[in-house]
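Chemist: Here is my input, please return the structure:
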Amino acid sequence: MRSLRFGVNGWVARVGDGFDESSVVRIAAALGQAWAHRAVGSTVMVGYDTRRDSLRLALVAGQVIAAQGLDVVVSDRVCPTPALSWSIATNPRCVGGVMLTASEASCEYGGLLVRQHDGGPLDPVFADRVEQLISSVPTDARASVERADLVSSYLDNIAILADSTLISGSGLRVVVDGMYGATAGYAGRLFERLGCEVINIHEAHVPDFRGLHPDAREPWVDECERAVMRHRADLGIVFDGDGDRMGIIDARGRLVSQHDLAPLVLEHVVGQRGMRGRVVSTVASSVRFARHAERLDLEHTMVPVGFDAIYGEFSDGDVILATEEYGGICVPPHLPERDGLAAATMIVELMAGTGESVRDMVDECERQVGAFEYVSKDVRLDFSLMQRLRNVLPGLNPPEVCGQVPLAVTHPSGLRVELPDGSWALVRLSRSRQLARCCAEVPAPGSVRPLLSWAVSLARSGGRA
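Modeler: As a prediction, this is how the structure comes out:
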């Protein structure tokens, strides 16, 4: 039986090629052992998305964990990941939780996303311990579980935090696209509750997503873009498969760049909610977020790629907002994890408070800190090139990049170079796949392609700059 690699966020595999009941049982048993070793009799919560067999496997995983002497509560309905995280964080007896989901991946994938006692990602030591405990033989041990609503209190909390009077008075018309995923139905009712006029699309719970990849990016947002135009809506909100990320469509039916969303939420938490503190982003995130933090006189910390690195900054209690390169947004005073519904609510409240459209607000942010063009590309590599890059990237110091002498060369997640004209590039290796992730950003107007080509060539050559 194949070995299973388990990380701080859990485990994902292709259905029929790793993801099956046997693997779920093996991982659930290891999780149960690790949690029981910390606190026998504590509570573990289990949620599930709309994928085929998610409910059945959530019950199986819960029963296996319960057999280790833990009290297990399985959601009585489809559950967005942030709702599971919220339920864990607000229950003092809870040591962690499991979500049956593959997030934004297609229906061909399944997985177990795992959260610790505060709703955040696992610490690396615990994740390593779980991987060591994964048996090659699935256990037959099962115990009973409880079923409970893990969604309603989470939605109630978001509604309480939002200014529903302000939002309802704005008369905003919103298209809400659940992408047949875990937020479908819930998100639309939330925004109706806040006083928006809502048009729902893809609101059913459909196991195969009817061919969609539940990812808030092109081309999967096309139907939402058309619906915004057809209904003359003020904006569209698209949620990924498990609800931890979202995308925004402007009134002209255009997808707003994921790199423009965190600055908008930052404007809200600072300008409308009066929050002050530190902000965090990864080395692969757009520099426009750091520029906005500087404009607002906020301390900014840049960390390696991976939400676990972002989470590591929360211990001091001074972080008010964090974001990653894929558009995930976290407001730690609310929840120490990415939350697409909370972030979308904040953008709607910002629109209601300013009376401006999303596009107007993005354009205003651009005027304040400058325009940038960001691109990324994944490069598939064979084993020998991956090994070479692992050895070479940490010590690489190119003397020249695209005709410029780098201002800074750092190695927090591979190789990152910063150039005098304000542009930068990053080459890093995927944690779970045989590929290099390359990204680059330049001030606009300008062409980002030469810089991205340099990064791609570096990866394909095994680090020969």
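Chemist: what about this protein, any weak spots by pLDDT?
Modeler: Flagging of the chain using pLDDT under 70 yields the residue ranges 1-2, 465.
Chemist: Look up the closest residue to the most centrally placed residue in it, ignoring the ones flanking it.
Modeler: Centroid check for the chain by Cα atoms, centre = their mean gives residue 328 as the closest residue, at 4.0 Å. Leaving out its chain neighbours, the residue that sits closest to residue 328 by Cβ to Cβ, 6 or more residues apart in numbering is residue 338, at 3.6 Å. Yep, even glycine has a C-beta here, placed from its N, CA and C like the rest.
Chemist: The one you found touches residue 242, doesn't it?
Modeler: No: between residue 338 and residue 242 there is no contact under Cβ atoms under 8 Å: 9.9 Å.
Chemist: More neighbours: those two, which one.
Modeler: Between residue 338 and residue 242, counting by other Cβ atoms under 10 Å, residue 242 is the more crowded of the two (33 against 28).
Chemist: was I right about that one contacting residue 181?
Modeler: Yes: Residue 242 lies in contact with residue 181 (Cβ under 8 Å); the separation is 6.5 Å.
Chemist: Give me the common contacts of those two.
Modeler: Overlap of the contact sets of residue 242 and residue 181 (by Cβ atoms under 8 Å, 6 or more residues apart in numbering) consists of residue 49.
Chemist: Outline the domain layout of this protein.
Modeler: Domain assignment for the chain, taken from automatic domain parsing, gives 10-150, 154-254, 259-369, 372-460.
Chemist: Can you lay out the ones you listed as TSV showing distance to residue 3?
Modeler: TSV is the format used below for the domains of the chain (distance: least, Cβ to Cβ, whole Å):
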stretch	distance to residue 3
domain 10-150	8
domain 154-254	26
domain 259-369	22
domain 372-460	14
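Chemist: where do the strands sit along the stretch 51-200 of the chain?
Modeler: Along the stretch 51-200 of the chain, the stretches classed as strands by DSSP state E, counting those that start in this stretch are 71-75, 94-100, 109-116, 146-148, 173-177, 197-201.
Chemist: Give me the angle between the first one and strand 94-100.
Modeler: What separates the directions of strand 71-75 and strand 94-100 is an angle of 40 degrees, with axes from the mean of the first three to the mean of the last three Cα atoms, to 10 degrees.
Chemist: got a list of contacts for strand 71-75?
Modeler: With Cβ under 8 Å, 6+ apart as the contact definition, strand 71-75 has outside contacts at 41-48, 58-59, 62-63, 65-66, 83-84, 93, 143, 145-151.
Chemist: one more time with 7 Å, if that's ok
Modeler: If you take Cβ atoms under 7 Å, 6 or more residues apart in numbering as the criterion, strand 71-75 is touched by 41, 43-48, 58-59, 62, 65-66, 145-148, 150.
Chemist: again, but for stretch 321-329
Modeler: 244-245, 258, 261-262, 265-266, 269, 279-282, 284-285, 289, 305, 307, 310, 330-332, 338, 343.
Chemist: In strands, which of the residues you listed fall?
Modeler: 279-282, 330 (DSSP state E).
Chemist: Can you tell me which of those is closest to residue 354?
Modeler: residue 279 (20.4 Å; Cβ to Cβ).
Chemist: was I right about that closest one contacting residue 293?
Modeler: Yes: the pair residue 279 / residue 293 is scored as a contact, 4.8 Å apart, by Cβ atoms under 7 Å.
Chemist: what is in contact with those two at once?
Modeler: residue 300.
Chemist: any idea whether residue 321 is helix, strand or coil?
Modeler: strand (DSSP: H, G, I helix; E, B strand; the rest coil).
Chemist: Could I get the contacting residues of the nearest residue to it once chain neighbours are set aside?
Modeler: Of all residues not flanking residue 321 in the chain, residue 279 sits nearest, at 4.8 Å (Cβ to Cβ, 6+ apart). Counting by Cβ under 7 Å, 6+ apart, residue 279 touches 266, 293, 298, 300, 319-322.
Chemist: okay, these in CSV with neighbour count next?
Modeler: Formatted as CSV, these follow (neighbours: other Cβ atoms under 10 Å):
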residue, neighbour count
266, 26
293, 23
298, 18
300, 15
319, 22
320, 18
321, 27
322, 29
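Chemist: Any chance of CSV for these, columns distance to residue 36?
Modeler: Formatted as CSV, the contacts of residue 279 follow (distance: Cβ to Cβ, whole Å):
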residue, distance to residue 36
266, 41
293, 42
298, 42
300, 40
319, 32
320, 36
321, 36
322, 31
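Chemist: Just give me the closest of these to residue 11.
Modeler: residue 322 (23.7 Å).
Chemist: Kindly provide the distance from the closest one to residue 335.
Modeler: Plainly put, residue 322 is 11 Å away from residue 335 if you go by Cβ to Cβ, to the nearest Å.
Chemist: cool, residue 271 as well?
Modeler: Relative to residue 335, and taking Cβ to Cβ, residue 271 is found at 21 Å.
Chemist: same deal with residue 37?
Modeler: Using Cβ to Cβ, which is the criterion applied here, residue 37 is 26 Å from residue 335.
Chemist: Need phi/psi at residue 463.
Modeler: Dihedral angles of residue 463 (phi, psi; degrees, to the nearest 10) stand at phi 100, psi 10.
Chemist: how deep is it tucked in, by neighbour count?
Modeler: For residue 463, using other Cβ under 10 Å, the count is 21.
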